[in-house]
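Asker: I'll drop the sequence and a predicted model, then ask my questions.
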Amino acid sequence: MLLDIAGIARSTFFYHQARLQAPDPQEALKSAVTEIFKKNHGRYGHRRVHIELAKQGWRTAKKTVLKLMRTLGLVCKVRRKKRYNSYRGEQGAVAPNVLNRDFEATAPNQKWVTDVTEFSVSDRKLYLSPVMDLFDRQIISYTLGISPNLELTNTSLSKALTTLKDGEKPLVHSDQGFQYQHHSWRTLLSVAGAVQSMSRKANCYDNAVMENFFGHLKEELFHRVRFISTDALTAALHEYIRWYNTERISTKLEGLSPAQYRAQALAA
């Protein structure tokens, strides 16, 4: 009687009833998508999830992955793009902008970039000073401290320099921070035979790759969790950089992590 009132044929009703009771044909794919998303701490969007699915042997379109992630409520927070500023800035008195925004390198230890970023936890500060190799965007050394002093930056540089092989003399690029203008920093570079390069004044785009790393780090880690102490944040930063180097895939690195990309390049 209800079907007659609704104007629905009995066959149509039972057809749709059977469809609802049938197994979900995408159940396995949904499980794979969810597992990849959770394994990477909710930091992957549909493009990276699609790459990981392909590695596992799945053949599906990016749009399908995007649709499934929306259905499953798997949302990757996207960073807002900064508005471009055409101001070029002035050359530093200590070193010119030798890098000149050429962020590509054909081999490890050709070009390094570095900077310092600050984190606020309650009423305390924590500073990170990493050194990145532009060949594979790998963080080859870093230091953490409660002050952005010379020891913080010099220690990260010294640790990076110990990884060099005979004959390797990288270009080392930074901004015009006082740490990078100090004679101790310049001495470390000189002894290693490295070339110093500095961004132009008030121009973050001259060190865009490092700024991009800081943006990802804060969006994927710091802004997602409320840290109650600098010790907790320190432990989280250690784990993030390990994950970033060894597991986090990059579309610019053929869907590989920095460590995987370097290993593949050196084995070729």
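Answerer: Now that the structure is in, tell me what you want to look at. Numbers count the residues shown, from 1 in each chain.

Asker: which residues touch residue 145?
Answerer: For residue 145, the contact set (C-beta atoms under 8 Å, 6 or more residues apart in numbering) comprises 126-127, 129, 151-152. C-beta: built from backbone N, CA, C; applies to glycine.

Asker: Quick check: residue 48 vs residue 40, distance?
Answerer: 8 Å (C-beta to C-beta, to the nearest Å).

Asker: err, residue 62, not the other one
Answerer: From residue 62 to residue 40 the distance is 17 Å (C-beta to C-beta).

Asker: Report how many residues lie close to residue 158.
Answerer: Residue 158: 14 surrounding residues under other C-beta atoms under 10 Å.

Asker: again, but for residue 102
Answerer: Neighbours around residue 102, by other C-beta under 10 Å: 11.

Asker: looking at this, it is in a strand?
Answerer: No - per DSSP: H, G, I helix; E, B strand; the rest coil, residue 102 lies outside any strand segment and is coil.

Asker: who's in contact with it?
Answerer: Counted by C-beta under 8 Å, 6+ apart, residue 102 has contacts residue 111.

Asker: picking that back up, compare neighbour counts for residue 62 and residue 40 and give me the winner.
Answerer: Higher neighbour count among residue 62 and residue 40: residue 40, with 18 against 13, using other C-beta under 10 Å.

Asker: still on that earlier bit, among the contacts of residue 145, which are in helices?
Answerer: 151-152 (DSSP state H).

Asker: and which of the contacts of residue 145 is nearest residue 19?
Answerer: residue 126 (54.5 Å; C-beta to C-beta).

Asker: Distance from the chain centre to stretch 52-65, please.
Answerer: 22 Å (C-alpha atoms, centre = their mean, to the nearest Å).

Asker: my bad, stretch 102-121
Answerer: 12 Å.

Asker: just stretch 154-162 next, same as before
Answerer: The answer for stretch 154-162 is 21 Å, by C-alpha atoms, centre = their mean.

Asker: What are the contacting residues of that stretch?
Answerer: 112, 114, 129-131, 140-143, 172, 179, 184-185, 188-189, 192, 194.

Asker: do the same with stretch 190-197
Answerer: The contact list for stretch 190-197, computed with C-beta under 8 Å, 6+ apart, reads 94-99, 161, 164, 169-174, 180, 186, 189.

Asker: Show me where the chain dips below the pLDDT cut-off.
Answerer: 78-93 (pLDDT under 70).

Asker: residue ranges of the helices in it, please?
Answerer: Under DSSP H, the chain gives helices at 2-6, 10-21, 27-39, 46-55, 62-72, 150-161, 178-181, 183-192, 208-217, 230-246, 258-267.

Asker: For PyMOL, write the selection for the buried entries among the contacts of stretch 154-162.
Answerer: Selecting the buried subset of the contacts of stretch 154-162 in PyMOL, with 16 or more other C-beta atoms under 10 Å as the burial test, is done by:
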select buried, resi 112+114+129+130+131+140+141+142+143+172+179+185+188+189+192+194
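
Asker: name the helices or strands packed onto the strand ranked longest in the chain?
Answerer: Longest strand in the chain, counting residues (DSSP state E): strand 124-133. Using 3 or more C-beta pairs under 8 Å, 6 or more residues apart in numbering; DSSP states H and E, the elements in contact with strand 124-133 are strand 111-114, strand 117-121, strand 138-145, helix 150-161, helix 208-217, helix 230-246.

Asker: List the strands paired with the first one, with their directions.
Answerer: Here strand 111-114 has these sheet partners by DSSP bridges: strand 124-133 (antiparallel), strand 171-174 (parallel).
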